[in-house]
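*Asks:* fold the following.
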Amino acid sequence: MGRHLEFFLKRFLSSMVTLLLLVTMSFFLFRSFPGNPFNDDSNLSPAVTQLLSEKYGLNEPLLIQWGYYICQLVFHAGGSSFQNPEKSVIELLEPSALVTLQLSGFAFLLTIVMTLVWTQIFKDSSRLSFLKLPFVSFVLSLPVLLLAPLLILIFSLQLDWLPVARLDGWKGYLLPVFVMSLRPSVMLFRLFDSASNEQMKSTVTQTHRGFGFSEHQIIWKWNFKSSLIPCLHFIFPFIVGLLGGSVVVELIFGLQGLGFQFLQALSYRDYPTLLTMTLGMGIFLQISSLLIDLFLSLLDPRISLHQRSP
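*Replies:* Here you go, the predicted model:
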């Protein structure tokens, strides 16, 4: 219990430092852009621009502004948005975050399902096993910017089966979720297939065969668990790619998720919104990394939490 508490304390402190560095680098990156959120608006007089800049501390030195935004993030949940002052950043982002989380969650589940489907279709005993390498190469070389418009053209514009830019029903999720899931599912399938083949050739498997265990027992009792380990190492970059890919998919399908809000905030130089989104993404990824490490340690006792702690 003491070792686990020590691990969690170290991980918590490490996460706090990581998040602080992330927000700090993001702040100075955003503030390196010329101008401020108000002096580019031709509808505002210089006097009003000056008053707004003073109100939000944009005339202060950068270090003072940095401290102000850190306090806003910690004590006021990001503060108010520049582009919509009557709303807090959380209120502004809540509908968009729901869209992105729904898309990413459904895409994550569909990725797991599709991985199992590819495993069954292209297993060695299948008649389609000879298509495994061409299929993997084709999907991995297919860019999202080509796949998404092609699916929209076929299923939405030509066949009129599925809607575009609407999430008012289950049909609205099919195309964007499929686009987000296809490539990761093939990558996960390739990792699992490679690990399974290595396990089947290992001396441990040969020993199990020598003791008379059936192939079904060998695969599901020993090899399946070992083959999952490299796949779990892929989960964290997969989650990062999933969130990043959702931005592209949202823009292609015209969905107002966090990707849309990020571009809006960037165009308005809405620093509170940009930093809150950056911090929220960092917290989500830190929690995901911790859960993956915990699951790996439960799956294989040989993996020590303390060895994996940053």
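*Asks:* can you spell out which helices and strands pack onto whatever helix or strand residue 11 lives in?
*Replies:* With elements taken from DSSP states H and E, the one containing residue 11 is helix 2-31. Counting contacts by 3 or more Cβ pairs under 8 Å, 6 or more residues apart in numbering; DSSP states H and E, helix 2-31 packs against helix 62-75, helix 271-299, helix 305-308. Any C-beta I mention is one placed from the backbone N, CA and C, and that applies to glycine too.
*Asks:* between those helices, which one is closest to residue 29.
*Replies:* Proximity to residue 29 (Cβ to Cβ) singles out helix 271-299 among the helices and strands packed on helix 2-31, at 9.4 Å.
*Asks:* which neighbouring elements make contact with that closest one?
*Replies:* Judged by 3+ Cβ pairs under 8 Å, 6+ apart, helix 271-299 is in contact with helix 2-31, helix 62-75, helix 89-121, helix 224-253, helix 258-268, helix 305-308.
*Asks:* okay, those in CSV with mean neighbour count and distance to residue 290 next?
*Replies:* Formatted as CSV, the helices and strands packed on helix 271-299 follow (neighbours: other Cβ atoms under 10 Å; distance: least, Cβ to Cβ, whole Å):
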stretch, mean neighbour count, distance to residue 290
helix 2-31, 14, 6
helix 62-75, 15, 21
helix 89-121, 17, 17
helix 224-253, 18, 10
helix 258-268, 19, 22
helix 305-308, 14, 10
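*Asks:* out of these, which comes closest to residue 83?
*Replies:* helix 258-268 (4.3 Å).
*Asks:* outside of that closest one itself, list whatever touches it.
*Replies:* The contact list for helix 258-268 (Cβ atoms under 8 Å, 6 or more residues apart in numbering) reads 30, 37, 81-83, 92-93, 96-97, 99-100, 246-251, 270, 273-274, 277.
*Asks:* 7 Å instead, please
*Replies:* 37, 82-83, 93, 96-97, 100, 246-247, 250-251, 273-274, 277 (Cβ atoms under 7 Å, 6 or more residues apart in numbering).
*Asks:* in the residues you listed, find the pair that's most separated.
*Replies:* Largest pairwise distance in the contacts of helix 258-268, by Cβ to Cβ, is 25.9 Å, between 37 and 246.
*Asks:* would a markdown table of the helices and strands packed on helix 2-31 with distance to residue 120 and mean pLDDT be doable?
*Replies:* Formatted as a markdown table, the helices and strands packed on helix 2-31 follow (distance: least, Cβ to Cβ, whole Å; pLDDT from 0 to 100):
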| stretch | distance to residue 120 | mean pLDDT |
| --- | --- | --- |
| helix 62-75 | 47 | 84 |
| helix 271-299 | 22 | 80 |
| helix 305-308 | 32 | 50 |
